[in-house]
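1. would you be able to build a 3D model of this:
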Amino acid sequence: MANEDKLYELMLKMYSEFSDKFENMNKDFSGKFENMNKDFSSKFENMNKDFSGKFENINEEIKGLKQDTKELKETVSSINKTVIKIENEHGNKLSALFDGWKQNTDKLDRIEKEVSRQDEIILRKVK
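-> This is a model prediction of the structure:
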């Protein structure tokens with residue numbers, strides 16, 4: 001039985017040593033896990049703050065672009081109205097100018113015919 005007692009004491013000693021080592025390892029892992037968790041949480045919070053800030057900046061830029069787009073649409077609409085007005089006014093003026101040109105051309109044609117007729121009369125009298 002002396003061997004059994006020695007074996008029992010050896011097993012108790014081994015159990016005690018393993019328990020202490022596992023307890024120390026558990027404490028180390030717990031501490032390291034807590035540190036990792038804190039690091040992860042702080043990094044996640046920083047990333048979240050950065051993302052939120054960037055998202056707000058992007059949102060503000062989009063609002064600015066919407067305003068710029070609205071102003072651009074208003075400007076284009078105003079330009080379109082002005083172009084239509086100019087086309088109508090100038091179209092009427094050009095039409096009047098072409099009518100005057102046509103009347104002058106017709107008048108010149110009549111004068112030319114009369115001059116030709118008078119020219120023929122003069123040539124007949126001269127012969």
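
2. is N24 in a helix, a strand, or coil?
-> Classification of N24 using DSSP: H, G, I helix; E, B strand; the rest coil returns helix.

3. what score does it have for pLDDT?
-> At N24, the model reports a pLDDT of 82.

4. what of L7?
-> For L7, pLDDT reads 80.

5. likewise for the one 5 residues further on?
-> Among the per-residue scores, L12 holds a pLDDT of 83.

6. how far away is it from K6?
-> For L12, the distance to K6 equals 11 Å [Cβ to Cβ, to the nearest Å]. Any C-beta I mention is one placed from the backbone N, CA and C, and that applies to glycine too.

7. go on, R117?
-> Distance of R117 to K6, given as Cβ to Cβ: 157 Å.

8. what does E56 give?
-> Computed with Cβ to Cβ, the distance linking E56 and K6 is 74 Å.

9. next: Y15.
-> Counting by Cβ to Cβ - Y15 and K6 are separated by 15 Å.

10. same question for N46.
-> Taking Cβ to Cβ, one finds N46 at 59 Å from K6.

11. try K73
-> 97 Å.

12. equivalent analysis for K81, please.
-> Remark: distance between K81 and K6 (Cβ to Cβ) = 109 Å.

13. can you pull out the low-pLDDT segments for the chain?
-> 1, 127 (pLDDT under 70).
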